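1. quick one, fold the following:
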Amino acid sequence: MKTLLNLLDDIKTSLNSTNHRQILRLQGDLAWCYQQAESIIALLNESYFWCGTSPTTINAVPYKKILGQETSLLIINAHQHFDGNQFAASEGTVRGGGLIILLSPISIPASDHFYHYINEQLSRYDFITIQQDLPLPCIANSNDLTKTVHHLNLAQQSLAIEAIIKTVSGHRRRPLVLTANRGRGKSAALGIAAAQLLNSGVNSIIVCAPSKQASFTLFKHVNLLLQPEQAKPFSYNNDKQSIQFIAADALLSEKTKCDLLIIDEAAALPVPTLESLVRHYSRVVFSSTLHGYEGSGRGFALRFQKKLSEIAPQWRKFHLDTPIRWNDNDPVEHFTLNQLCLTNSPFEIPLYIPEQKIEFKRIDHQQLTSNTELLHEVFSLLVMAHYQTKPSDLEKLLNDPSLSSFVITQKQRVLGVALINTEGNIEEQLCTDIWNGIRRIPGNLIAQSLTFHSAFKLAGTHKFARVQRIAIHPSLHNQGLGKQFMHYLINWAQQQQFDHICASFGATADLLCFWQQLSFQSLRIGLSKDASSGTHSIIVNQSLSQRGQELQQKITQQFQQQLPIQLSRQLQQMDSKVVACLLTERQKQVSDTSNLTSYIDGNLGYEFIEYELVDLMLNSDLSCLTQQQQIITIQKILQNNSWADICKQHNLTGKSQAHRYLKDTIKQLILYKEEINEIR
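-> Got it, this is the predicted structure:
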């Protein structure tokens, strides 16, 4: 009879011949799974990581703490719940020939559609399952397999290293974008290239990443190649040369000089941050994982690379596709990327013909789990639309009862997808507790914010349809499909008797303009920047009922009263283009311009007429000004930026030139107001 040791020997022999990874599922009650896992650990007698709840004899480790490390044995406790983020992150630490032990239940609750989907997908692969009370499985005869010595295929990585070095030795303003999936040696290439550059005489290299830990592998390879006595976890220094980690916000503030800036995992940094850095530094390498546990780099590719083409048209690209940590066609990688839907859509780009009929429909969990082609098409659109889309979003899509999914199709091809969260309808006492700051409830982002932050005690009793995500295929943008989709969703929400349809997003001028064109009103703006988007989050809303309209009017009035004060304080650094959009929502009143003529003529100083200038800006149509005029007047008058900052940002020679520019702009604005008043 085959023993567990025999089975493990057969598995390891098979893996040694292919340099692939394997999943071994233990299916049974939790105590049995623990017993079997501990037996496997003892029999293999090698170092391991255990992620998830563990027996008292085992030290579990959070998956985020093992990133950048390698192992040949990984145990994941998925008995109660399959954590997609945990699996996708931790499996990448397993080297070729390694084994993943997955603790699984015999039966999965009917309500867990996501785990049923995962269970079905796992069964499509040649993964191995040991089931409680059943004989051990048989696999290929180990006698037919021979141990193979696998040589690392480093040819492509060598080319990547050359491309990184050329960023320093070649022409300025030709940044490199290095992309790869996990296990391709991308971070190692960055570290090796950095070490070689220092050996060739380069003095200063700065490494920037979403966190220090994200640059661990890069610095590991730097320190392997340079003098060990100078080695530190996240820096290398000798008398004249250095490689140091600097966080993005500190780098933007200090503008530290360097010969090369390396930005690792760039997709996880806000696009405005990347844009500012590439404008300032002339030699930059951007590195990004295209698909992985951190979320998809597809959004990075779509949005940032478009900006990069405007700033540095001669930027270069290098993609690593040959795996180093394991062999090609690894089944575990294939499962993670494809069944957790982290890859690009395998389908052709949809064709949209405006003259032909389009259809809108709501799709439920059952339709998605029973039609994997539809699921992949829908989720791939979400991946392309937002760079932080993770496996946990797939779980919410399939499991969350408060989430409604919609698609827009033509000839049965998906052109767009939208997700709507049901929020609010909270009983009054709980709203009072939220208002008092003593309770928080999950899944009620906007209902709760308006109750607590905006201090409208009963806002949470209203029923909100929050547009969590709306995504049109990138090839079909600017054809009106998004607006058509939103009109359908507004009608649906009205038929479902919601009081409001709303959205919360990182405020950019383009996005805010989209919602304003659909008659949404701004209700609240976050006072600090979101760490992931680098923008201020904003809540926009359209009321759908009488009581909804009354509440919206009250919150809008409060927001418009607070905005001028916030702009000069907490929102001083907010994008002035967003401010210009917000100003279009204000009801304009007659403003007194009598003292402004004296300011323009030089008879009154700026400090004496600030109130009149603010009043003019709040009650004027700024569309008569150029974009630069709008930006400078908003930054100085409404956001109270210093004259020095205004001069530095807009390349003005000094305070005198800035004063003249501002006076000319104010004069133009007053003349335009007078012309409009005469027409009326």
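
2. who does the helix or strand encompassing Arg469 pair up with?
-> Here Arg469 sits within strand 463-472, counting by DSSP states H and E. Sheet pairing here is set by DSSP bridges, and for strand 463-472 it gives strand 413-424 (antiparallel), strand 500-506 (parallel).

3. reformat the ones you listed as TSV; add mean neighbour count, mean pLDDT and distance to Ile206.
-> All C-beta atoms are positioned from the backbone trio N, CA, C, and that covers glycine. TSV is the format used below for these (neighbours: other CB atoms under 10 Å; pLDDT from 0 to 100; distance: least, CB to CB, whole Å):
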stretch	mean neighbour count	mean pLDDT	distance to Ile206
strand 413-424	22	96	39
strand 500-506	24	96	26
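
4. nearest to His453, out of these?
-> strand 500-506 (11.6 Å; CB to CB).

5. and the contacts of the following helix or strand past that closest one?
-> Using DSSP H and E, the next helix or strand after strand 500-506 towards the C-terminus is helix 509-517. Here helix 509-517 makes contact (CB atoms under 8 Å, 6 or more residues apart in numbering) with 482-483, 503, 505, 522, 538, 540, 575, 577-578, 580-582, 584-585.

6. of those, select the buried ones using a ChimeraX command.
-> Selection of buried members from the contacts of helix 509-517 for ChimeraX, criterion 16 or more other CB atoms under 10 Å:
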select :482,503,505,522,538,540,575,577,578,580,581,582,585
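
7. just to revisit the earlier point, what lies in contact with the strand holding Arg469?
-> By CB under 8 Å, 6+ apart, strand 463-472 touches 381-382, 384-386, 403, 408, 415-425, 445-447, 481-482, 485-486, 489, 493, 496-504.

8. recalculate using a threshold of 7 Å.
-> 381-382, 385-386, 415-425, 445-447, 481-482, 485-486, 489, 493, 498-503 (CB atoms under 7 Å, 6 or more residues apart in numbering).

9. can you name the element that comes right after the least confident helix or strand in the chain by mean pLDDT?
-> Here the helix or strand of the chain ranked lowest by mean pLDDT, DSSP states H and E is helix 298-299, holding a mean of 60. Counting by DSSP H and E, the next helix or strand C-terminal to helix 298-299 is helix 305-311.

10. what packs against that next one?
-> helix 271-280 (3 or more CB pairs under 7 Å, 6 or more residues apart in numbering; DSSP states H and E).

11. export the very next helix or strand once past the helix it packs on to PDB, keeping only CA atoms.
-> Remark: after helix 271-280, the chain's next helix or strand is strand 284-289, criterion DSSP H and E. Output of strand 284-289 as PDB, limited to C-alpha atoms (Å, rounded to 0.1, in the frame of the first residue of the first chain):
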ATOM      1  CA  VAL A 284      14.400  57.200 -14.800                       C
ATOM      2  CA  VAL A 285      13.700  53.400 -14.900                       C
ATOM      3  CA  PHE A 286      10.000  52.500 -14.100                       C
ATOM      4  CA  SER A 287       9.500  48.800 -13.200                       C
ATOM      5  CA  SER A 288       6.100  47.200 -12.900                       C
ATOM      6  CA  THR A 289       4.500  43.800 -12.400                       C
END
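
12. tell me which residues in strand 284-289 are buried?
-> Val284, Val285, Phe286, Ser287, Ser288, Thr289.

13. just those: which has the poorest pLDDT?
-> Lowest pLDDT within these is found at Thr289 (80).

14. got the angle between the one helix or strand Val207 maps to and strand 284-289?
-> Using DSSP H and E, Val207 maps to strand 204-208. Relative orientation of strand 204-208 versus strand 284-289 (axes from the mean of the first three to the mean of the last three CA atoms, to 10 degrees): 30 degrees.

15. show me the shaky parts of the protein.
-> 1, 140-153, 227-231, 291-302, 344-347, 387-388, 532, 680 (pLDDT under 70).

16. in it, which helix is the longest?
-> Counting residues, the longest helix found in the chain (DSSP state H) is helix 655-679.

17. does anything pack onto it? Which helices or strands?
-> Against helix 655-679 (3+ CB pairs under 7 Å, 6+ apart) you get helix 594-600, helix 627-633, helix 643-649.

18. would you agree Gly185 is in contact with Ile324?
-> Yes: between Gly185 and Ile324 there is a contact under CB atoms under 7 Å: 4.1 Å.

19. looking at the two, which one has more neighbours?
-> Set Gly185 next to Ile324 and count neighbours by other CB atoms under 10 Å: Gly185 wins out with 25 against 20.

20. would you mark the buried spots in the longest helix of the chain?
-> Applying 16+ other CB under 10 Å to helix 655-679 flags Ala658, His659, Tyr661, Leu662, Lys663, Thr665, Ile666, Leu669, Ile670, Tyr672, Lys673 as buried.

21. same question, stretch 212-228
-> Neighbour-count burial for stretch 212-228 [16+ other CB under 10 Å]: Ala214, Ser215, Phe216, Thr217, Leu218, Phe219, Lys220, His221, Val222, Asn223, Leu226.

22. need the contact list for the last one.
-> In other words, Leu226. Ala195, Leu198, Tyr236.

23. before we move on, the earlier item: can you list the buried residues of helix 655-679 in CSV and add distance to Arg466?
-> Below are the buried residues of helix 655-679 laid out as CSV (distance: CB to CB, whole Å):
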residue, distance to Arg466
Ala658, 43
His659, 46
Tyr661, 42
Leu662, 41
Lys663, 45
Thr665, 39
Ile666, 41
Leu669, 37
Ile670, 42
Tyr672, 39
Lys673, 38
